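Engineer: structure for the following, please:
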Amino acid sequence: MQEISSQQAAAPRLIYLHGFLSSPQSAKCEQMRKWLAAQRSIEFCAPLVSPYPGEAQQALLALVEESIAGGHPVGLVGSSMGGFWSSYLAERFQLPAVLINPAIHPARFMPAYVGQTLLPYSGEPREYRLSDADVATMRKLEGELQSPLRGRYWLLAQRGDETLDSRDAEGFYRGQRQTVEEGGDHGFQGFERYCAPIVEFLFGAATANGIATATAGNSHQ
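Structural biologist: Numbering: from 1, shown residues only. A predicted model of the protein is given here:
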């Protein structure tokens with residue numbers, strides 16, 4: 001009984017997944033981190049996601065499984081390739097996810113990187129070199145995302161995205177909540193406007209309202 005009580009008391013955990021060859025230091029990730037920093041109601045987790053799909057899959061599955069086993073309510077936020085991974089995890093565990101200009105078919109662009117020496121934007125001292133086997137693994141993972149979707153999604157897309165066609169995401173997440181803006185770019189201009197609504201979508205209005213109260217310095221917990 002004591003263990004169950006401890007799990008019930010675990011804080012919600014927001015897992016932010018960055019894009020291909022990006023890092024937890026990306027602009028949107030930092031905006032989300034800073035917005036949550038003023039309060040302690042939600043754990044913020046932003047792992048470094050490997051560009052190797054098999055490696056990334058294993059690490060992310062382990063992270064979510066550990067979070068759930070620890071009693072944490074889990075919400076996912078993913079940008080670009082991180083949007084694909086958020087969808088993959090949301091389907092596996094039936095979790096809520098917010099997707100920002102998400103990649104729907106990453107196996108289509110990965111062949112352009114095969115054989116190249118890839119240096120991540122994070123500055124980590126590791127070089128990557130994708131193979132045809134990595135593309136095949138990603139294609140297999142894509143095939144596991146089937147309709148009807150079981151997760152609960154909110155798509156944030158800007159039609160000015162110079163990297164991905166927002167129409168792919170609009171079609172894939174048809175029937176889910178969508179906010180599609182004209183203009184903008186792949187980085188999603190003005191993302192900070194959505195920090196509070198994202199928390200409310202993932203964890204409920206009570207959590208979001210509690211954060212706003214604590215941030216204003218009027219917490220009455």
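
Engineer: biggest helix in this structure by residues?
Structural biologist: Of all segments of type helix in the chain, defined using DSSP state H, the longest is helix 53-69.

Engineer: mind exporting the C-alpha coordinates of the strand or helix carrying E170 to CSV?
Structural biologist: E170 belongs to helix 166-172 when elements are defined using DSSP states H and E. Taking C-alpha atoms only, helix 166-172 is exported to CSV below (Å, rounded to 0.1, in the frame of the first residue of the first chain):
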residue,chain,number,x,y,z
SER,A,166,2.2,20.6,-43.2
ARG,A,167,-0.5,19.0,-45.3
ASP,A,168,1.0,15.6,-44.5
ALA,A,169,0.5,16.2,-40.8
GLU,A,170,-2.9,17.7,-41.3
GLY,A,171,-4.0,14.6,-43.1
PHE,A,172,-2.4,12.1,-40.8
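
Engineer: by contact count, what packs against it?
Structural biologist: In terms of contacts (3 or more C-beta pairs under 8 Å, 6 or more residues apart in numbering; DSSP states H and E), helix 166-172 is packed against strand 152-158, strand 177-181. Just so you know, the C-beta spots here come from the backbone N, C-alpha and C atoms, and that holds for glycine as well.

Engineer: ends of stretch 104-121, what's the gap?
Structural biologist: Length of stretch 104-121, first residue to last, C-alpha to C-alpha, to the nearest Å: 22 Å.

Engineer: list the buried residues of the longest helix of the chain.
Structural biologist: In terms of neighbour count (16 or more other C-beta atoms under 10 Å), helix 53-69 has its buried residues at 53, 56-57, 60, 63-64, 67-68.
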